[in-house]
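Novice: Kindly return the folded structure for what I paste below:
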Amino acid sequence: MFIDSKCSTVHGTVRIPTSKSHSIRAVFLAALAEGTSVIRHRLKSADVDSAIAACKALGATIEEDGEILSITGFNGRPIAPDHVIDVGNSGTTANFVLALGALCNKAVTITADDQTRKRPVAPLLESLKQLGAVVESSNNGLLPVRIRGPIKGGIADVAGTTSQYLSALLIHSIFCETPTVLRLKSLNEKPYADMTVAWLKKLGVRIEQDNHHEYRLAPRQSLRSFNADIPSDWSSAAFFLILAAIPGCEITLEGLDFTDTQGDKEVVNYLRAMGADIEISPTVKIRGRKLRGATLDMNNTPDALPAMAVAGALSEGITHLTNVPQARIKETDRIAVMCQELQKLGAEIIEERDGLLIKGGLPLRGTAVAGNYDHRVVMSLAVAGLSATGVTTIDSAEAINITFPDFVDKMRDCGADIRIYS
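Specialist: From the prediction side, this is the model:
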């Protein structure tokens, strides 16, 4: 599929879809809990569907009614299926299912699509082995992986390359027979780990931590069933925040919560540092005006890198996006991909080891660009195309179904000249 976007001035009100990160955590925690949990306003997307399918395969009973899920959990005792579990394009689901499989007495085989099979899981597997899991992997620390538990507990060293490793271990180590200590030398994208800890504490888990360097979990714990409403997704809001910051545009965003643990709410502060006019009340209103470049530490917000790269290209002066090496191990190497594709549009941009250096203010020219089957890359390039002369055509547009299936519709509702087609 393809998206065509053309230079547009947008105005309108948008309600942002709910959070993928919260939705996936809620599904796994409900599956692991005792009793029946109700999750309202779950994100309707391919990644969350992958999480639901995986938890069903391991023994949870899940009933769907629109955006409401009723999940009867297996109380920390998953049942290994006879078939392979395919997590599709969901990297978070892949890491969480590996840890969930490590609770099973029988071996579980986990695989994924071509793109997710390129994402490293070896560091997580090493931590699970330290806790007692038996792992078979013939693909250099990539999926597919065969794993068997149950993990017993103990001390495990955890790589902080991505917070997903830590989150997977935190959620599942509470069922170990002995206390578990998780140790890290450093941790990228800390707000996602904080989100996981907040969920666990809300469900009654006993957990102690020394900043983000050590986590101590009591053994043989359980999770209470729960009712939860999933909040709106700040990662999805980033595209509309940046689009509205373009001169002549104005958008009001509804449903966003600044008290939530999501790290990508920091995009508001990034844009303010670049001179954006943002008014916060119960809603978030952005009025476009000329932006100026800024140096931004993005370690806590890797998912925002593609969108902020577009913001840098549309700003006057130099924008330096730094300290975000983990952006290279997402659905794509987002540092390399955004550099390459924005250059096609006429941006002056340099790829660095851990970020991007962008000389903004140059006119963007519409052309054919590659979405690389990465939902955040596709949507970011679509926003860039709305500020470029001519037509910008982005391939692999079907990737938006991972987190934001109605992205194009919501853009069109604000007056954007954009369409999706096969």
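
Novice: give the contact list for Asp354.
Specialist: Thr322, Asn323, Val324, Pro325, Ile335 (Cβ atoms under 8 Å, 6 or more residues apart in numbering). Using the backbone N, CA and C atoms, a C-beta is placed for each residue, glycine as well.

Novice: Give me the pLDDT for it.
Specialist: If you check Asp354, the pLDDT there is 98.

Novice: Among the contacts of Asp354, which are located in helices?
Specialist: Applying DSSP state H to the contacts of Asp354, the entries found in helices are Ile335.

Novice: Name the nearest of the contacts of Asp354 relative to Lys20.
Specialist: Distance to Lys20 across these (Cβ to Cβ) is lowest for Val324, with 18.9 Å.

Novice: residues touching Arg287, list them.
Specialist: Per Cβ under 8 Å, 6+ apart, neighbours of Arg287: Ala244, Cys249, Glu250, Asp277, Glu279.

Novice: Share the number of residues neighbouring the first one, please.
Specialist: Right, Ala244. Ala244: 26 surrounding residues under other Cβ atoms under 10 Å.

Novice: From Ile358, how far out is it?
Specialist: Distance, Ala244 to Ile358, using Cβ to Cβ, to the nearest Å: 20 Å.

Novice: Can you tell me which of the contacts of Asp354 lies closest to Leu200?
Specialist: The closest of the contacts of Asp354, once distances to Leu200 are taken by Cβ to Cβ, is Val324, at 26.2 Å.

Novice: doesn't Gly355 make contact with that closest one?
Specialist: Yes: Val324 is within contact range of Gly355, at 5.4 Å (criterion: Cβ atoms under 8 Å).

Novice: residues shared between the contacts of these two?
Specialist: Met298, Leu305, Ile335.

Novice: Distance to Ala384 and neighbour count for these - can I get that in CSV?
Specialist: Putting the shared contacts of Val324 and Gly355 into CSV (distance: Cβ to Cβ, whole Å; neighbours: other Cβ atoms under 10 Å) gives the following:
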residue, distance to Ala384, neighbour count
Met298, 18, 26
Leu305, 14, 25
Ile335, 16, 25
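
Novice: closest to Ala399 among those residues?
Specialist: Leu305 (16.0 Å).

Novice: For my notes, confirm that closest one occurs in a strand.
Specialist: No: looking at Leu305 with DSSP: H, G, I helix; E, B strand; the rest coil, it is helix, so not inside a strand.

Novice: thinking it is in contact with Ile335, fair?
Specialist: Yes: the criterion here is Cβ under 8 Å, and Leu305 meets it with Ile335 at 7.1 Å.

Novice: any common contacting residues for the two?
Specialist: Val324, Ala327, Gly355, Leu356.

Novice: How confident was the prediction at the second one?
Specialist: Spelled out, it's Ala327. Looking at Ala327, the pLDDT reads 98.

Novice: Just give me the neighbour total for it.
Specialist: Ala327 has 29 nearby residues by other Cβ under 10 Å.

Novice: Which parts of the stretch 151-300 of the chain are helices?
Specialist: Taking DSSP state H, counting those that start in this stretch to define them, one finds helices in the stretch 151-300 of the chain at 163-173, 190-202, 234-244, 267-273.

Novice: can you redo those as CSV with distance to Arg117?
Specialist: Converted to CSV, the helices of the stretch 151-300 of the chain look like this (distance: least, Cβ to Cβ, whole Å):
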stretch, distance to Arg117
helix 163-173, 16
helix 190-202, 22
helix 234-244, 23
helix 267-273, 30
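
Novice: if we can go back for a sec, so which of the shared contacts of Leu305 and Ile335 belong to strands?
Specialist: Secondary structure from DSSP state E places Gly355, Leu356 of the shared contacts of Leu305 and Ile335 in strands.

Novice: closest to Val377 among the shared contacts of Leu305 and Ile335?
Specialist: Distances from Val377 to those, taken by Cβ to Cβ, are shortest for Ala327, at 10.8 Å.

Novice: any chance of the shared contacts of Val324 and Gly355 in TSV, with distance to Asp233 and pLDDT too?
Specialist: What follows is the shared contacts of Val324 and Gly355, written out as TSV (distance: Cβ to Cβ, whole Å; pLDDT from 0 to 100):
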residue	distance to Asp233	pLDDT
Met298	18	98
Leu305	16	98
Ile335	22	98
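
Novice: Arrange those residues in TSV, one row each, with distance to Ser138 as further columns.
Specialist: Shown next, in TSV, are the shared contacts of Val324 and Gly355 (distance: Cβ to Cβ, whole Å):
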residue	distance to Ser138
Met298	35
Leu305	32
Ile335	29
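
Novice: for those residues, which one is nearest Glu189?
Specialist: Using Cβ to Cβ, the shared contacts of Val324 and Gly355 come closest to Glu189 at Met298, 9.5 Å.

Novice: Pretty sure the closest one sits against His320.
Specialist: No: counting by Cβ under 8 Å, Met298 sits too far from His320 to count as a contact (10.0 Å).

Novice: shared neighbours of these two, anything?
Specialist: Gly355.

Novice: now Asp86: how far from Arg42?
Specialist: Applying Cβ to Cβ to Asp86 and Arg42 gives a distance of 20 Å.

Novice: Also Glu348?
Specialist: Glu348 is 41 Å from Arg42, by Cβ to Cβ.

Novice: Mind checking which of the two has more residues around it?
Specialist: Arg42 (26 against 14).

Novice: Could you list the domains of this structure?
Specialist: 2-17+232-421, 20-229 (automatic domain parsing).

Novice: what about Pro78, how many residues close to it?
Specialist: Neighbours of Pro78 (other Cβ under 10 Å): 29.

Novice: Shouldn't it be within a helix?
Specialist: No: Pro78: not assigned to a helix; according to three-state DSSP it is coil.

Novice: List the buried residues in stretch 81-93.
Specialist: Going by neighbour count (16 or more other Cβ atoms under 10 Å), the buried part of stretch 81-93 is Pro81, Ile85, Asp86, Val87, Gly88, Asn89, Ser90, Gly91, Thr92, Thr93.

Novice: Please work out which residues outside that stretch touch it.
Specialist: 20-21, 24, 46-47, 49-51, 53-54, 57-58, 94, 97, 101, 108-113, 115-116, 119, 144, 164, 330-331, 373, 399, 402.

Novice: Now do the end-to-end distance for that stretch.
Specialist: With Cα to Cα, to the nearest Å as the measure, stretch 81-93 spans 17 Å from end to end.

Novice: In contact with Glu352: list those residues for me.
Specialist: Contacts of Glu352 by Cβ under 8 Å, 6+ apart are Thr322, Ile335.

Novice: Now the phi/psi pair for it, please.
Specialist: phi -110, psi 170 (degrees, to the nearest 10).
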